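Return atomic coordinates for the entry below.
(chains A, B and C)
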Amino acid sequence: MPELPEVETTRRGLAPHVLNQSIHAVVVRNPALRWPIPATLDKHLPGGRIARSERRAKYLLLRIEHPRHSGWLILHLGMSGSLRVLDADTPAGVHDHFDLVLDNGQALRLRDPRRFGAVLWVAGDVPSHPLLNHLGVEPLSEEFSGDYLYTHTRSRSAAIKLVLMDAHLVVGVGNIYANEALFEAGINPKLPARRLGPARCARLVEAIKHTLARSIEAGGSSLRDFVGADGEPGYFQQQYFVYGRTGAPCRKCKQAIRQIRQGQRSTFYCPHCQR
DNA sequence: CCGACAACCTGTGAGC
DNA sequence: TGCTCACAGGTTGTCG
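From the prediction side, this is the model:
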């Protein structure tokens, strides 16, 4: 489920429930995620306090202040992960792999059926980690501009959609929003990136920011659903223009939406509106 | 440096 | 109804 808007919505939804709470215990039911959940968490976390919550790309970062070993807990939801706050004694489901039990009797619980997610620990003041260090710019930051995209695509012959999803360039643009942003910008996803001029780069960057921001905004209305006894977080239903709409009429021109394969992922586009 | 592709794992829905 | 197969929102790692 999680693309950047979902991760950001999750972060905002959890924050009021976990910030300034102290950690009582760590429960690992199944450590076998994308990488093993470090056994050392048990040593580092209890007695610590959750001081901040940040997001970098699709990583959720919890700052843990601890008398002896402060650091950052890194969470990633992979393709199927979700986080909820509930009573710590709520029975765990089969895919509830990890709990952060708080002193107030609640727990932050990670559910992840496909186990592509991650729970990692990095000691120190800065969330530096091999997984974070090579990441490109944040899509909603000022750094990500038309100029930036133009400059960094001059030698890229790969299709623009694949380049958009390259996290070395810009992070957090997943399959859904790559498709939707390209539609909004009127750009054919198969176009080699280097063929885009400054104007189309600028339009595409604006479209990416707009689609992401709109989704985050929409997610805000369902934040209450992140906290509860059971059920999935209430991710907002979104009205997509092209994603998942193979064969359906384009919402602008009525032509049939096409589906192709690019880099082992589905691409959806309107052959008339996107050139 | 760049691009193509396999891999990690489980659930779900389409089609027979 | 039950089986098989393709595919699913992410990311790393390897190879040419």
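
use CA for all of it now, contacts and neighbours both
OK.

ok, residue A:211 to residue A:182 distance?
Using C-alpha to C-alpha, to the nearest Å, residue A:211 is found at 10 Å from residue A:182.

Who has more neighbours out of those two?
For residue A:211 versus residue A:182, neighbours defined as other C-alpha atoms under 10 Å are more numerous around residue A:182 (26 against 18).

next one: phi and psi at that one?
The phi/psi pair for residue A:182 (degrees, to the nearest 10) reads phi -60, psi -40.

Surely it touches residue A:202?
No. If you go by C-alpha atoms under 8 Å, residue A:182 and residue A:202 don't touch, sitting 12.0 Å apart.

Torsion angles phi and psi at residue A:106?
Torsion angles, degrees, to the nearest 10, at residue A:106: phi -100, psi 170.

Could you report the neighbour count for it?
21.

ok now do it, which residues does it touch?
If a contact means C-alpha atoms under 8 Å, 6 or more residues apart in numbering, then residue A:106 has A:85-88 as its contacts.

can you check residue A:137 too?
Here residue A:137 is in contact with A:143-144, A:169-171 (C-alpha under 8 Å, 6+ apart).

try it again with 6 Å
By C-alpha atoms under 6 Å, 6 or more residues apart in numbering, the residues touching residue A:137 are residue A:170.

Residue A:158 too?
Residue A:158 neighbours (C-alpha under 6 Å, 6+ apart): residue A:192.

Could I get the pLDDT score of it?
Note for residue A:158: predicted pLDDT of 92.

do the same with residue A:128
pLDDT, residue A:128: 85.

Look up how far DNA strand C lies from it.
12 Å (C-alpha to the nearest atom of the strand, to the nearest Å).

Ok, residue A:246 next?
Distance from residue A:246 to DNA strand C, by C-alpha to the nearest atom of the strand: 10 Å.

wait, doesn't that residue sit right on residue A:258?
Yes. Counting by C-alpha atoms under 6 Å, residue A:246 touches residue A:258, with 5.5 Å between them.

returning to what we had before: now intersect the contacts of residue A:106 with the strands, please.
A:85-87 (DSSP state E).

Just put those in a markdown table and tack on distance to residue A:71 and pLDDT.
Formatted as a markdown table, those follow (distance: C-alpha to C-alpha, whole Å; pLDDT from 0 to 100):
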| residue | distance to residue A:71 | pLDDT |
| --- | --- | --- |
| A:85 | 22 | 93 |
| A:86 | 24 | 93 |
| A:87 | 25 | 94 |
